[in-house]
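**Student:** Build the 3D model from these lines:
(one chain, ligands or ions: 1)
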Amino acid sequence: MVANRTRPVAVVTGASSGIGAATAAALGRRGYQIVAGARRIQRVQRVVGDLGLALPLDVTDQKSVDAFVGHVSKTFGRVDVLVNNAGLASGLMPVAEARDDDWIAMWEVNVLGLMRMTRACLPLLRKAKHGHIVNLGSIAGFEVYKGGAGYTASKHAVRAISRTLRLELNGEPIRITEVAPGMVETEFSLVRFRGDRKAAKAVYQGVKPLVAEDIADCIVFAVTRPAHVDIDEIVIRPIAQAASFLVARKT
Ligand code: NAP
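**Tutor:** The predicted structure follows:
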């Protein structure tokens, strides 16, 4: 693809599904040149179309991150917006029965993956006139629920990383926004329950959850503010969800 020197460049991780796919499409419609990545590359290609580049990306693999960011560097030479969206929950077990592989999977993507992408993209964000990092946190970043410790701990970590970055980058023209959604109907629950469609559907029973486009709206809002305005955190939940474990359901 031929890079445009004036239009901003947005990198979106986990763009094969859900919030990442909706965000890539929404930013593309706003004129951003999109570089979208995930493991299921054909799905990313369908999302991106002619909005930019679709590249394979596994944020748990440093070589994959390096190849992805190397491609962005060669094509555009800068990154204006990095959306660290790739993430997952795996299982819903109390700590007493926690599985190592579930916790490793969540921490590898949600925490270490976000760190790897941020570290690799920072030199390119510094080449933009104004850089912006958007991290997908969650209400699980400041609330907890039974069975959720592995996931909530990883999203508490995302919150800590976002706040730390704001200190470390103070004085540079790089904004940090954490977007913290409640319940959004995506493939999230299907992944958490290892493909069990019935269990995934039950999560959204009797309630109108958020949709991925609601979160994409928030991200577009944050990144399109004037450059001196830093939206630190956006918390967004369905009206029926007062807390992660307290959902008013219609039966
Ligand atoms: P989703 O539909 O399951 O999408 C998750 C995305 O992450 C997929 O595109 C997936 O792509 C990607 N991903 C997973 N592992 C990856 C890896 N190793 N490397 C690169 N990409 C990877 O779920 P979602 O709801 O849109 O979740 C997006 C973000 O929102 C996550 O950080 C999640 O924690 C957060 N969030 C979701 C909710 C909710 O209720 N849905 C609430 C709060 C926060 P591939 O599998 O193709 O790699």
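**Student:** I'd assumed Ser244 was in contact with Tyr145.
**Tutor:** Yes. Applying Cβ atoms under 8 Å as the test, Tyr145 and Ser244 come out as touching, 4.8 Å apart. Quick note: C-beta positions are derived from backbone N, CA and C, even for glycine.
**Student:** More neighbours: which of the two?
**Tutor:** Ser244 (18 against 15; other Cβ atoms under 10 Å).
**Student:** From Gln205, how far off is that one?
**Tutor:** Applying Cβ to Cβ, to the nearest Å, the value for Ser244 to Gln205 is 16 Å.
**Student:** what's the answer for Val59, then?
**Tutor:** 31 Å.
**Student:** and the two? which has more neighbours close in?
**Tutor:** Val59 (27 against 10).
**Student:** what residues are up against Ala21?
**Tutor:** When contacts are counted by Cβ atoms under 8 Å, 6 or more residues apart in numbering, Ala21 touches Ala15, Arg43, Val47, Ala212.
**Student:** May I have the phi/psi pair for the last one?
**Tutor:** It refers to Ala212. phi -50, psi -30 (degrees, to the nearest 10).
**Student:** Can you give the distance of the helix ranked longest in the chain from its chain's centre?
**Tutor:** Looking across the chain with DSSP state H, the single longest helix is helix 149-168. In terms of Cα atoms, centre = their mean, to the nearest Å, the centre of helix 149-168 is found 13 Å from the chain centre.
**Student:** For the stretch 151-251 of the chain, just list every one of the strands.
**Tutor:** 174-181, 184-185, 210-211, 233-236, 241-243, 246-247 (DSSP state E, counting those that start in this stretch).
**Student:** which one of those is the most hemmed in?
**Tutor:** strand 174-181 (a mean of 24; mean count of other Cβ atoms under 10 Å).
**Student:** Work out the sheet partners of it and label each with its direction, please.
**Tutor:** strand 131-136 (parallel), strand 233-236 (parallel) (DSSP bridges).
**Student:** who's in contact with it?
**Tutor:** 19, 125-126, 130-139, 141-142, 155, 158-159, 162, 165-166, 169, 210, 214-215, 218-219, 222-223, 227, 230-237.
**Student:** Buried ones only from the residues you listed, please, as a PyMOL command.
**Tutor:** Of those, the buried ones go into a single PyMOL selection, burial set by 16 or more other Cβ atoms under 10 Å:
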select buried, resi 19+125+130+131+132+133+134+135+136+137+138+139+141+155+158+159+162+165+166+169+210+214+215+218+219+222+223+231+233+234+237
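**Student:** and the ligand, which of the contacts of strand 174-181 contact it?
**Tutor:** Ile19, Leu136, Ser138 (Cβ under 6 Å from any ligand atom).
**Student:** And the last one, how close does it get to Thr13?
**Tutor:** To tie it back to what came earlier, the one meant is Ser138. Taking Cβ to Cβ, one finds Ser138 at 15 Å from Thr13.
**Student:** Many thanks, we can stop here.
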